[in-house]
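Asker: predicted model and sequence follow; I will ask about them next.
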Amino acid sequence: RDEAVPTIVQYISYEALSAGVDEELASSAMALFVYINRSLPMQDSLRLLCSDSIDGAKSLAASISQRLDVSSKRAQLLSHHEMVDLILDLILRDLRAESAREMNMSHVLLGFPVGSLGDEWEPTNIRGTRDCLSLILDLLSDAGFLQEEKTLGFMSKCYELIYRLTTTKNIDQTVTAQRVLYVAGKLRSMSFWRNHLLRFL
């Protein structure tokens, strides 16, 4: 059973020649992923879904980020719209929790390293793919995407996610502070706040 879960996770990012097969397999795999994540204690869920390894965490993050990428480009379709919404809610659920300072599923999906400490803290490159954080920043930078009626609702969730990643409230752990500094630096490098302020003026 434990060996089957990583295989199921890989189907989240599955792309078939037939769009119908693509959606059915990805949706079914995602449903199993969400069920496991919500049914088990956080550490047990991480251990099962990530195969209790750093490579497993990378693979999981890659699958979810690839699915977010694919579905965000097809968000006019209801099934893909719901998939984007589900992934954003999944990440926000952990960030909103009081235990958000501890390693949880949202940190894995956002590409943060698992169990890294000290000055060498650095998000892991996921096989050349972007993580969910990079994809979410891309969504927020796409004015056309956010202005479409069917995808406009994603904007508030994306902004809330950025807020929760950069807030300094109750920081009392080195790794938590490093996450905040990393995200803040990433936003600064792309002039995130300036560009978004100008957009809404």
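Answerer: Received it, and whenever you're ready, just let me know what you need. Numbers count the residues shown, from 1 in each chain.

Asker: for M105, give me its contacts.
Answerer: M105 makes contact with N37, M42, S45, L46, L49, L90, I91, D94, according to Cβ atoms under 8 Å, 6 or more residues apart in numbering. Backbone N, C-alpha and C define where each C-beta goes, glycine included.

Asker: distance check, it against C132.
Answerer: M105 is 11 Å from C132, where distance means Cβ to Cβ, to the nearest Å.

Asker: please apply the same query to I87.
Answerer: Here the criterion is Cβ to Cβ. By it, I87 lies 7 Å from C132.

Asker: shared neighbours, the two?
Answerer: Shared between the contact lists of I87 and C132 (criterion: Cβ under 8 Å, 6+ apart) are residues I64, L68, L109.

Asker: buried residues in the strand or helix carrying the second one?
Answerer: When elements are assigned from DSSP states H and E, L68 belongs to helix 54-73. Applying a neighbour-count criterion of 16 or more other Cβ atoms under 10 Å, one finds 56-72 buried in helix 54-73.

Asker: repeat that for stretch 27-45.
Answerer: Neighbour-count burial for stretch 27-45, counted by 16+ other Cβ under 10 Å, picks out S27, A29, M30, L32, F33, I36, N37, S45.

Asker: so what touches that stretch?
Answerer: Residues outside stretch 27-45 that contact it (Cβ under 8 Å, 6+ apart): 5, 8-12, 14, 48-49, 67, 79, 83, 86, 90, 94, 99, 102, 104-105.

Asker: what subset of these is buried?
Answerer: 5, 8-9, 11-12, 14, 48-49, 67, 79, 83, 86, 90, 94, 104-105.

Asker: which of these fall in strands?
Answerer: Within these, no residue falls in strands by DSSP state E.

Asker: which of those residues scores worst on pLDDT?
Answerer: For those, the weakest pLDDT value sits at V5, with 62.

Asker: could I get the contacts of M105 as JSON lines with distance to E149?
Answerer: Conversion of the contacts of M105 to JSON lines gives the following (distance: Cβ to Cβ, whole Å):
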{"residue": "N37", "distance to E149": "30"}
{"residue": "M42", "distance to E149": "36"}
{"residue": "S45", "distance to E149": "35"}
{"residue": "L46", "distance to E149": "37"}
{"residue": "L49", "distance to E149": "34"}
{"residue": "L90", "distance to E149": "24"}
{"residue": "I91", "distance to E149": "23"}
{"residue": "D94", "distance to E149": "29"}
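
Asker: relative to L187, which of those residues is nearest.
Answerer: Each of the contacts of M105 was checked against L187 using Cβ to Cβ; the closest is I91, at 16.7 Å.

Asker: L68 versus that closest one, what's the distance?
Answerer: With the distance defined as Cβ to Cβ, I91 ends up 10 Å from L68.

Asker: just L198 next, same as before
Answerer: 26 Å.

Asker: next one: D89
Answerer: Applying Cβ to Cβ, the value for D89 to L68 is 12 Å.
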